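Enquirer: Let me see the structure of the following:
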Amino acid sequence: MRIGQYEITNRIFLAPMAGITDLPFRRLCSQFGAGLTFSEMMSTNPDVWHTEKSKLRLAFHRDIGINAVQIAGSDPTEMAEAAKVNVTYGADVIDINMGCPAKKVNKKMAGSVLLRDPYLVADILNAVVDAVDVPVTLKIRTGWDLNNRNCVEIAKIAEQAGICALSIHGRTRNCLFDGEAEYDSIKAVKQTVSIPIIANGDIISPQKAKKVLDYTQADAVMIGRGSLGRPWIFQEIADFLEDGEHKTAFSLEKKCQIMLKHIQALHLFYGEEKGYRIARKHVGWYVEQLNSNLTFKRTFNALDAASAQIEALEDFINSIR
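Expert: Next up is the predicted model:
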């Protein structure tokens, strides 16, 4: 599929996730077959654009391919300016967040709360598309609540504004992440507009990815929580979509080495003091996939040095071989 001038290598994408899709994780998922990866959400508040935290979020490397950066805000002028700044910093694609259900984001009139105001949605999309010469994409939910699913209306607005691709999480804002994602709304959008549609929500296995693609006829799937502690899922899905089989076998040993290299990359990227803190949540997710061990996770989370973390992980790996 294409997004603007870019030919995407496959139709399995990594979702933007705050505090998760940093450069080390995006690079890892790209290595295992993610056709497109999105950065963490960037605020449109100009006061934070040049902070150390923002610079880390903006970090990218050409070995991960297309650099897609997500921005969040509610003021069309600020959103347009933020898009231009991010393009200056190297963004190849700008993604607009109108899907985040977090209260702290919605209180700032950003994220999925914007779905309540289609006129503001149109103003934001038009402003950003007009401001930059790179493709602009949009991520939404199916609507505000179960009685107000307006994703078809928003999709029409997006298409009219020149949005190049639309990602849809199969839940409303009020659903948060509760219950099961539904795909009827995504299917309805795909039948209504001609821009590429990316299906998102509860896609945690190769079989589910194929089922969602077949049912919705979406152009791609987007993996979020299904990739946590399991970056190899992209290769598993790619294999299954190609011929219905798992051609690439990831042994326990291979998975352990992936975890270890990921944690080492986090230490290197963030530095000693911050790196070991960021590593904790990722190790928790890996351990759940490899060999659920609450005692180890508690012990690991108490460690306050990168070297101690690596030593503990090596001991853990030896214990489950």
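Enquirer: Neighbours of residue 42, how many?
Expert: Using other C-beta atoms under 10 Å, the number of residues around residue 42 comes to 27. All C-beta spots, glycine's among them, are computed from the backbone N, C-alpha and C.
Enquirer: right, I mislabeled it, should have said residue 179
Expert: 9.
Enquirer: do you know how far it is from residue 201?
Expert: Taking C-beta to C-beta, to the nearest Å as the measure, residue 179 falls 10 Å from residue 201.
Enquirer: anything in contact with each of these two?
Expert: Both residue 179 and residue 201 are contacted by residue 171, under the criterion C-beta atoms under 8 Å, 6 or more residues apart in numbering.
Enquirer: how about the helices in the stretch 151-300 of the chain?
Expert: 151-161, 184-192, 206-216, 233-243, 252-270, 272-290, 294-301 (DSSP state H, counting those that start in this stretch).
Enquirer: Mean pLDDT, distance to residue 22 and mean neighbour count added to those, as CSV?
Expert: Formatted as CSV, the helices of the stretch 151-300 of the chain follow (pLDDT from 0 to 100; distance: least, C-beta to C-beta, whole Å; neighbours: other C-beta atoms under 10 Å):
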stretch, mean pLDDT, distance to residue 22, mean neighbour count
helix 151-161, 98, 27, 20
helix 184-192, 98, 28, 19
helix 206-216, 97, 24, 18
helix 233-243, 92, 17, 19
helix 252-270, 96, 7, 17
helix 272-290, 94, 8, 18
helix 294-301, 94, 19, 14
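Enquirer: ok, residue 164 - contacts?
Expert: By C-beta under 8 Å, 6+ apart, the neighbours of residue 164 are 3, 4, 93, 135, 136, 137, 195, 196.
Enquirer: please redo it, this time with the cut-off set to 10 Å
Expert: Neighbouring residues of residue 164 by C-beta atoms under 10 Å, 6 or more residues apart in numbering: 2-6, 93-95, 129, 134-138, 158, 195-196.
Enquirer: Just these: which are in strands?
Expert: 2, 3, 6, 93, 94, 95, 136, 137, 138 (DSSP state E).
Enquirer: can I get the residues you listed in CSV with pLDDT, neighbour count and distance to residue 259?
Expert: Shown next, in CSV, are those (pLDDT from 0 to 100; neighbours: other C-beta atoms under 10 Å; distance: C-beta to C-beta, whole Å):
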residue, pLDDT, neighbour count, distance to residue 259
2, 94, 12, 34
3, 97, 25, 31
6, 96, 17, 31
93, 96, 24, 29
94, 97, 27, 32
95, 97, 30, 28
136, 98, 24, 35
137, 98, 23, 31
138, 98, 29, 33
